[in-house]
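# sequence unavailable; structure follows:
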């Protein structure tokens, strides 16, 4: 099955946004065993969009469009695809009802222009959009399937996972399934990870191994093709075991289990709670933890302590430490972790303090970060990190490191290895 | 001048990397007054690359290729462009000399495959690559200029700035420049915004108006073409004024000034500080504020208060409110905002409490959020919001709303309008 992707929006051609959707969809299609041959970006211009649609439907079996489903006159994707394919657009009453409810929930009437979002391909498929006003759509004409998805990522990704992926699985011709298993690593870089995996395993072509580095973590995707899901999993299993034997101690989770989900689950399973004192991560660590539904059972609370006064009065960091050692110090991280645990009231306390940049602070360099971990009845441990990258990157890596050492403690009682 | 961009590499079609070069080059070309009409990504496949090259040179005056200039058999860009244009590749002695020096500096001889990197278009232009072994190249045939640049960002960006940009300035026919101004809106949807702008302004083509909706905000880009920057700005000014007359009260900033930057700057300018008490936003609001470099001058600190105990003990929310009204209530939001301001010590306190989902809480629906704003010496105000979307979306929108009402207060003393 020959597929191509078309991203629609003048903002892409002006370089105001980067087309990340095509990379996302390419990874997903590759997993479904569908080959992607072209990506195209085109502006909100009827004539050039028509040219792109014509070419795409003439050479591909599947064309996925993103963007251009909004309510304004600039949003032309659906109208242009309908025109080129010769398929009428008809009102889709369930989508009209959803639109009306969305606006009336906010005490508003539906703007006239939004009604065109409820026009759908006659005889086509409609994908519900719980996060916006533009439903997705699909239609098959003369052997080519066109799928139209909304541009905003918060609408596209949930819609893809809930409805589009199953739809694509139903239309792909082969009975072969592609099954992936993702191993998630922390504390080891991509090159070191791959070096430590046996060459024969690394270079085999079924299952394949694809590493991906992201914000201090590495994921390794094992993908097998087979006649059915069970056989594919049976092919993955021995490869996974061999990998775990050589680098298993760096694995913190599998598949969709992020570091924050792993921590929340480990805490809930043990009936334990955590509390945070964040300086340089500025709330980012709390946000990661609270992004996990149900985290309230494990997360007592956090204090974002940018000033000395908050560190001292809310968290009990002794003022002489702040004066003599500074807020970015081993001693401050220890006091913050203990303050989080005692003051907020939790089994574990994490304190993070450092220099996220862009400028050095207290004469200390950008990227220097201390992470303290306090546990009731045990001595507090502090890790010193030297992180690189932008302010945001340093904040994210510091937060992930904190989660990782808490997870290690929960699993084994103590971090057992050096981070490389 | 009609341009298009072609990114070459199978890793793009597998989604292993995101095409950020096309966004970079688009911004650069737009600044030079060169219109980009298409982006295409194609794999390392001779037949499909040939198809893309043929189409691009037939419809554009300028085609910029990135990637596929490496030494391996997979690297086909230069060979395929030469074939389609019918231009011979000839050895370029200065590039051979550079290659030999690069390898001999590392005590190595040049691998045979690398010599093909020193083959250049007969009668073309060569761009030196101080950071790698692949020089860039350009050639003009029958009115179309093809520019070939290496894929690695550390090679592409310096080469573009040092040699390619001056080359493009020398070939563009007009002296015209393109200037954009971005207006940033909060509290009004994309459709309502466009409806309120006069139709003649909305539909003119110089300057053009392009709206973009993102996470509860809308940006509107005004783009003018003129002989020079000053004239372009003079054309934008009256259009901007007309827009501000009709929807100016929803504008919070211009150009790169995000909501969080606008709040931090407004606080710093007034010598004021803010503090946060976050329940349903879980640290997300603190993270937004602390993402702004220099925010420590305006941000005293925040408390992420997931549990009743933290709300009561750290922020002084009366336990009878939590018992009788619940944590998600007008009264709790008021007490949280006041607690943030008093306990942490700041001129302004924000309290956010609500149900981010996925499940209802306290018998209250997902999306119900209260935002309290406390200010020393003034009565505390609480806004009730009904937000829709995923957990993450509700958290982001609640955080943005809180920033927006603080900004309004700082600017005008009080929010003066309803959010629609």
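Perfect, thanks for sending it. Note that this is a predicted model, so its numbers are computed, not measured.
# make it CA atoms for all contacts and neighbour counts henceforth
Will do.
# any idea of the mean pLDDT for stretch A:109-117?
Regarding stretch A:109-117, the rounded mean pLDDT is 92.
# would you mark the buried spots in that stretch?
A:110, A:114-117 (16 or more other CA atoms under 10 Å in any protein chain shown).
# and chain B, which of those contact it?
With respect to chain B, and counting by CA under 8 Å from any CA of the partner chain, the subset of these in contact is residue A:114.
# now the buried residues of stretch A:109-117 in a markdown table, please, with extra columns for secondary structure.
Shown next, in a markdown table, are the buried residues of stretch A:109-117 (DSSP: H, G, I helix; E, B strand; the rest coil):
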| residue | secondary structure |
| --- | --- |
| A:110 | coil |
| A:114 | helix |
| A:115 | helix |
| A:116 | helix |
| A:117 | helix |
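# which one of the buried residues of stretch A:109-117 is nearest chain B?
Among the buried residues of stretch A:109-117, residue A:114 lies closest to chain B (CA to the nearest CA), at 7.4 Å.
# what comes up buried for the helix or strand containing residue A:6?
Secondary structure here is read from DSSP states H and E; on that basis residue A:6 sits in strand A:2-8. Judged by neighbour count using 16+ other CA under 10 Å, the buried positions of strand A:2-8 are A:3-8.
# distance to residue B:134 and pLDDT added to those, as TSV?
What follows is those, written out as TSV (distance: CA to CA, whole Å; pLDDT from 0 to 100):
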residue	distance to residue B:134	pLDDT
A:3	31	97
A:4	29	98
A:5	29	98
A:6	30	98
A:7	30	98
A:8	32	98
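# just the strands in the stretch 101-250 of chain A please.
A:119-121, A:125-127, A:136-141, A:144-149, A:177-186, A:208-214, A:217-226 (DSSP state E, counting those that start in this stretch).
# which residue does the stretch 101-250 of chain A have closest to chain B?
In the stretch 101-250 of chain A, the residue found nearest to chain B is residue A:131; the distance is 4.5 Å by CA to the nearest CA.
# enumerate every residue touching the residue nearest to that residue when sequence neighbours are not counted.
Taking CA to CA, 6 or more residues apart in numbering or on different chains as the measure, residue A:131 lies nearest to residue B:389, with 4.5 Å between them; neighbours along the chain are not counted. For residue B:389, the contact set (CA atoms under 8 Å, 6 or more residues apart in numbering or on different chains) comprises A:130-132, B:367.
# other residues contacting the host helix or strand of residue A:349?
Take DSSP H and E as the rule and residue A:349 turns out to sit in strand A:348-354. The contact list for strand A:348-354 (CA under 8 Å, 6+ apart) reads A:272-281, A:327-329, A:332-342, A:366-376, A:398-399, A:402.
# also stretch A:207-221?
When contacts are taken as CA under 8 Å, 6+ apart, the neighbours of stretch A:207-221 outside the stretch itself are A:180-190, A:194, A:202-203, A:222-225, A:235-236, A:239, A:393, A:396-397, A:400, B:16.
# what residues of it count as buried?
Buried residues in stretch A:207-221, defined by neighbour count with 16+ other CA under 10 Å: A:207-209, A:211, A:216-221.
# what count of nearby residues applies to residue A:164?
23 (other CA atoms under 10 Å in any protein chain shown).
# list the contacts for it?
For residue A:164, the residues meeting the contact criterion (CA under 8 Å, 6+ apart) are residue A:127.
# same deal with residue A:155?
Shown in contact with residue A:155 (CA under 8 Å, 6+ apart): A:129-132.
# cool, and residue A:264?
A:289, A:292, A:295, A:298-299 are the contacts of residue A:264 under CA under 8 Å, 6+ apart.
# and if you look at residue A:272?
Going by CA under 8 Å, 6+ apart, residue A:272 touches A:298, A:346-348.
# from residue B:306, how far off is it?
Distance, residue A:272 to residue B:306, by CA to CA, to the nearest Å: 15 Å.
# over to residue A:116?
Counting by CA to CA, the gap from residue A:116 to residue B:306 is 42 Å.
# which helix or strand contains residue A:19?
In this structure, residue A:19 sits in neither a helix nor a strand according to DSSP H and E.
# now do it, the pLDDT please.
Confidence per residue is given as pLDDT, and for residue A:19 that number is 95.
# contacting residues around it?
Counting by CA under 8 Å, 6+ apart, residue A:19 has contacts A:7, A:12, B:18-20.
# sorry, back to before: and the two most separated of the buried residues of stretch A:207-221?
A:207 and A:216 (25.2 Å; CA to CA).
# the lowest-mean-pLDDT helix or strand in chain A pairs with which strands, parallel or anti?
The element with the least model confidence among the helices and strands of chain A, by mean pLDDT, DSSP states H and E, is strand A:208-214, at a mean of 76. According to DSSP bridges, the neighbouring strands of strand A:208-214, each with its direction, are strand A:217-226 (antiparallel).
# could you pull out the strands for the stretch 301-420 of chain A?
Listed in chain order, the strands found in the stretch 301-420 of chain A under DSSP E, counting those that start in this stretch are A:348-354, A:368-375, A:378-386.
# most neighbours per residue, which of these?
Per residue and on average, the most neighbours among those fall to strand A:348-354, with a mean of 31 (mean count of other CA atoms under 10 Å in any protein chain shown).
# adjacent strands (with direction) for that strand?
Next to strand A:348-354 in the sheet, as set by DSSP bridges, lie strand A:274-278 (parallel), strand A:368-375 (antiparallel).
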